[in-house]
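no sequence on this one, just coordinates:
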RNA sequence: GCGGAUGUGGCGUAAUUGGUAGCCGCGCUAGACUUAGGAUCUAGUGUCGUAAGACGUGGGGGUUCGAGUCCCUUCAUCCGCACCA
């Protein structure tokens, strides 16, 4: 039979499914290996050829690990809650559950056609109540815990209450919003409502007034990672800052552990770097600047307490609560005007406008606690409320933003640092601030003459002694806003009594998403859940109206796969202790600051409360590169229906038009197909070159609107899944972005046909020989075994594909059809091309599936040679090759080279100065 | 502005440790078989040159017997972050 991939692939996909070939159970006899893909959001557009790239890589790795004798967990499911389904529901009235279900069916069909080895018995979707029950349950746990910064872990709120009852909060060191100190007797006389209000400041899931990213167009609040440059990542709608009462997760409490944990995991440097920046650790000091004539101070954070002597003014963020309290009556109006002016400008405008200086004097003065000098207090939008304390001490001499501000408002500029080999200079002559990373302190009281680093230390010690401030590590990482004013998400297991939140009893979960008459906010502007009938507890208390954000469901899904049907626990102890955490995780970089940081936080919390045994969820992470589109263009001559071929277009005034890549082959346009593509082109005329219409091309995003989308279904229809799998890998290194061009696929397809032919005679009868293999044949095999094994282990799948090609080319040349060679080859190829290898495995006479075969063992002895063909160079340039015995002595090698007739020409009669002999590498003659 | 990644034939790429630059594939050229070819097979294909040979890994410089690989410098593209105090 000829290679009939259609029948073969269908047959084996059915076989795997009927025989549940990839279902996994705990097996303590075998070592475990957990391979995970970032589960997809099932969009209406289906998969394009870029999506399965990572899935193919993990599948190859899973199948390979299985052959190596590991018990492999390789599950798949769906991130099913989300905005697009809801937006679609708003437009069409169709319930998002229905659209989601349809999309998932389509996804699964597409995935199955590629021949993945998923254990589908573990599949779930985040919108299953049986799954989101656990999302809600973890939320309750977060609500019931606080973060103790002494023990550096989450502890039950009940412990905290006990401590309050005995000692008040004096000795409690918590990550919290509450700073007021109370005694035990004060606590004990508080009402329940007052106590709840205080506790809310400590909980890891808390409700508080926060500045949030409000997206009016989406009608919801967004997390920081869902906003980019002042626009929503999903949809690109403008986002504004607004103060709202929202649920937040106290991820900032875990900042330090999230940062340190990065050192323990095998992730790419670049993604660790992104997380480090996102967490944004900086060391410095917190300091109090008393406000003149008031009984309170302005608190600032600085990384450079040593420059306090250079402070000549202060700046507050316009949103800072103190602004109102300090502004003198004389400046009230001007300050109010400035604030409303900044509010009007979107975040994006503020950023685009970063160079221009704006600000307003408040009329207030603060006292520099180290110099006792009075300094004016300004407000300006270059100080952000979201970082530090929303207030700065300005050091114009050594900070370029402060410098510009000082120049603009004619404020004094003081130099306090000078480089070791330089002299103090007059700041009036400067055009920018003076770099102060290194140097010696001047004009700075008791730290004069000290090096910057020592000066920082000494200043901190001083301010701590005097009670002016203290050492402080500051993180950029903000708490994650956890409420969404949307319908299609997990409902919060929360009800309200006297306006205060309480959790539902744990055995009442899941709290299922109710039906609504429309997926829109109410007229009063409440979230869609306000439309639900009877959205209250049995006792009549109202339930929370917001739902959880997209990252809620994906924060612990990898744990649920370990034990997906468990009704009593998110994951059983036994399952968790066996599977532990994900050994290999592959997905896109776009989740660097979202999912990958939230799930690490979530996992650390579950670790603290003893639900899981590993502190990090994903041991090794690989980010696959993006598959870009390769667009094709035709060139229409302006104001005509005439199209000119690429290399002739210079002579005309043309407009490039995207053309569907599926009707272009090797950049040659299928003119008939083009005419039928769009009625507009029915009567199009063409100016051809060599009788062909050549299209232009460009690498762009793969997108419907650019007509460069390639659907894996079409590729499989034409070439088969094994070809698709291997071609996706053949394109280039996994981590690199690269354009998809279906035209190269023939080479891979030809390879599989050639491979099939090795097992067949000319008339396609199955025909393998039982003869003993020759030495050369064994060498080809073992060279390949070695290469493939090494390549897979370093995730270099593109080079393995080419190694397979080389191997088949060589066996072809040798006309080798020996069982002992080919069967081994089948096994190592099976992770890449599972269908064809299953079929040939059975044809070879085996019962059952190749997935249970043993990986062939590489035997070095077959690669041993007696001679080595040395490249002989003269002055580093390779001139000829010379075969010499392996163990040859340097002296003998030198003689062999010099006496070789080829050398005479290159020596030009001269004596060589030196001969470099590197055994089994090279010989270089230096003249 | 800061940080990261990447620059190698017409194209996707290879060269794992400083040791033969261009493996494998696409495309292209020529030929064979064919009614036909978007099939199959054979040969060729970095650039210049008839050749011998010279030149060649974004550019410039350096270390070395020897550099795509190491060092310095510079340019380009892509991706993150960005008034972060």
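Good, I have the coordinates. Remember, it's a predicted structure, so these values are computed and weren't measured experimentally.

Can you tell me the SS state at the residue in chain A positioned nearest to RNA strand B?
Nearest residue of chain A to RNA strand B: residue A:747, at 2.2 Å (CB to the nearest atom of the strand). For the C-beta atoms, the positions are set from N, CA and C on the backbone; glycine is no exception. Following DSSP: H, G, I helix; E, B strand; the rest coil, residue A:747 is assigned to helix.

Can you get me a residue count around it?
Neighbours of residue A:747 under the rule other CB atoms under 10 Å: 15.

mind listing what it touches?
Contact partners of residue A:747, counting by CB atoms under 8 Å, 6 or more residues apart in numbering, are A:730, A:805.

I'd like to know how far it sits from residue A:205.
Distance of residue A:747 to residue A:205, computed by CB to CB, to the nearest Å: 54 Å.

can stretch A:675-683 be found next to RNA strand B?
No: Stretch A:675-683 lies out of reach of RNA strand B by CB under 7 Å from any atom of the strand, never closer than 12.6 Å.

If you count neighbours, what's buried in that stretch?
Using 16 or more other CB atoms under 10 Å as the test for burial, stretch A:675-683 gives A:675, A:677, A:681.

which residues sit against it?
A:641, A:659-660, A:663, A:674, A:684.

Which one of the buried residues of stretch A:675-683 is nearest to residue A:224?
Of all the buried residues of stretch A:675-683, residue A:224 sits closest to residue A:677, with 43.7 Å by CB to CB.

Which pLDDT value belongs to that closest one?
In this model, residue A:677 is scored at 89, pLDDT.

hey, which helix or strand in chain A has the poorest pLDDT?
Least confident helix or strand of chain A, by mean pLDDT, DSSP states H and E, is helix A:347-352 with a mean of 58.

picking that back up, pLDDT value on the residue of chain A closest to RNA strand B, please?
Value listed for residue A:747 in the pLDDT field: 93.

okay, now the domains of chain A?
What the record gives for chain A is the domain set A:282-474, A:627-714, A:741-862, A:865-926, from automatic domain parsing.

Lowest mean pLDDT across those domains, which one is that?
domain A:865-926 (a mean of 84).

Distance from that domain to the middle of the chain?
51 Å (CA atoms, centre = their mean, to the nearest Å).

now swap in stretch A:486-497 and tell me
Worked out by CA atoms, centre = their mean, stretch A:486-497 lies 28 Å from the chain centre.

buried sites along stretch A:79-99?
A:79-90, A:95-96, A:99.

can the domains of chain A go into CSV with extra columns for distance to residue A:10?
As requested, the domains of chain A are arranged in CSV below (distance: least, CB to CB, whole Å):
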stretch, distance to residue A:10
domain A:282-474, 52
domain A:627-714, 14
domain A:741-862, 9
domain A:865-926, 45
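
Tell me which of the ones you listed sits nearest to residue A:27.
Minimum separation from residue A:27 across the domains of chain A (CB to CB) falls at domain A:741-862, 13.6 Å.

Name the spans of the stretch 101-250 of chain A whose pLDDT lies under the cut-off.
Along the stretch 101-250 of chain A, segments meeting pLDDT under 70 span A:178-179.

Just the helices from it, written as ranges.
A:129-143, A:157-167, A:184-188, A:192-200 (DSSP state H, counting those that start in this stretch).

On the three-state scheme, residue A:643 is what?
Strictly by three-state DSSP, residue A:643 counts as strand.

That one: neighbour count?
Residue A:643, neighbours per other CB under 10 Å, totals 25.

ok, now residue A:879?
For residue A:879, using other CB under 10 Å, the count is 15.

Let me know the helix or strand that it is in.
strand A:877-885 (DSSP states H and E).

Which residues are in contact with residue A:264?
Contacts for residue A:264 (CB under 8 Å, 6+ apart) come out as A:615-616.

Against residue A:619, how distant is it?
Taking CB to CB, one finds residue A:264 at 9 Å from residue A:619.

Repeat that for residue A:494.
Distance from residue A:494 to residue A:619, by CB to CB: 34 Å.

Tell me which of the two has more neighbours.
residue A:494 (23 against 17).

now the more buried one, which residues is it bridged with?
As for beta bridges, residue A:494 partners with residue A:503 under DSSP bridges.

what's the answer for residue A:473, then?
residue A:283.

Kindly report the residues of the stretch 251-400 of chain A close to RNA strand B.
With the criterion set to CB under 7 Å from any atom of the strand, the stretch 251-400 of chain A comes near RNA strand B through A:269-270, A:273-274, A:277-278, A:280, A:282, A:284, A:301-304, A:317, A:350-351, A:353-354, A:381-390, A:392-393, A:395, A:399.

Can you select the buried ones among the residues you listed for me in ChimeraX?
Selection of buried members from those for ChimeraX, criterion 16+ other CB under 10 Å:
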select /A:274,278,284,301,302,304,317,381,382,383,385,387,388,389,390,392,393,395,399
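
Just the ones of the residues of the stretch 251-400 of chain A next to RNA strand B in strands?
A:282, A:284, A:301-302, A:392-393 (DSSP state E).

coming back round to it: out of the contacts of stretch A:675-683, which sit inside helices?
The helices, defined by DSSP state H, take in residue A:674 from the contacts of stretch A:675-683.

List the contacts of residue A:739.
Counting by CB under 8 Å, 6+ apart, residue A:739 makes contact with A:627-630, A:699.

rerun at 10 Å
Contacts for residue A:739 (CB atoms under 10 Å, 6 or more residues apart in numbering) come out as A:626-631, A:697-700, A:702, A:708, A:731-732.

Also residue A:499?
Contacts here follow CB under 10 Å, 6+ apart; on that basis residue A:499 touches A:193, A:196-197, A:207, A:245, A:542.

re the thing from before, okay if I get the contacts of residue A:739 as CSV plus distance to RNA strand B?
Shown next, in CSV, are those (distance: CB to the nearest atom of the strand, whole Å):
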residue, distance to RNA strand B
A:626, 8
A:627, 10
A:628, 9
A:629, 13
A:630, 8
A:631, 13
A:697, 9
A:698, 11
A:699, 7
A:700, 10
A:702, 13
A:708, 14
A:731, 4
A:732, 3
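
Return the closest of these with respect to residue A:863.
Distance ranking of those against residue A:863, using CB to CB, places residue A:732 first at 27.8 Å.

Phi and psi next, for that closest one.
The phi/psi pair for residue A:732 (degrees, to the nearest 10) reads phi 160, psi -180.

contacting residues for the closest residue to it other than its chain neighbours?
Nearest residue to residue A:732, sequence neighbours excluded (CB to CB, 6 or more residues apart in numbering): residue A:738, at 4.6 Å. Going by CB under 10 Å, 6+ apart, residue A:738 touches A:50, A:53, A:625-628, A:630, A:699, A:731-732, A:798.

Of these, select the buried ones using a PyMOL command.
Listed next is the PyMOL selection for buried residues among the contacts of residue A:738, using 16+ other CB under 10 Å:
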select buried, chain A and resi 50+53+625+626+627+628+630+731+798
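
Select only the buried ones of the contacts of residue A:499 in PyMOL?
Per 16+ other CB under 10 Å, the buried members of those correspond to this PyMOL selection:
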select buried, chain A and resi 196+207
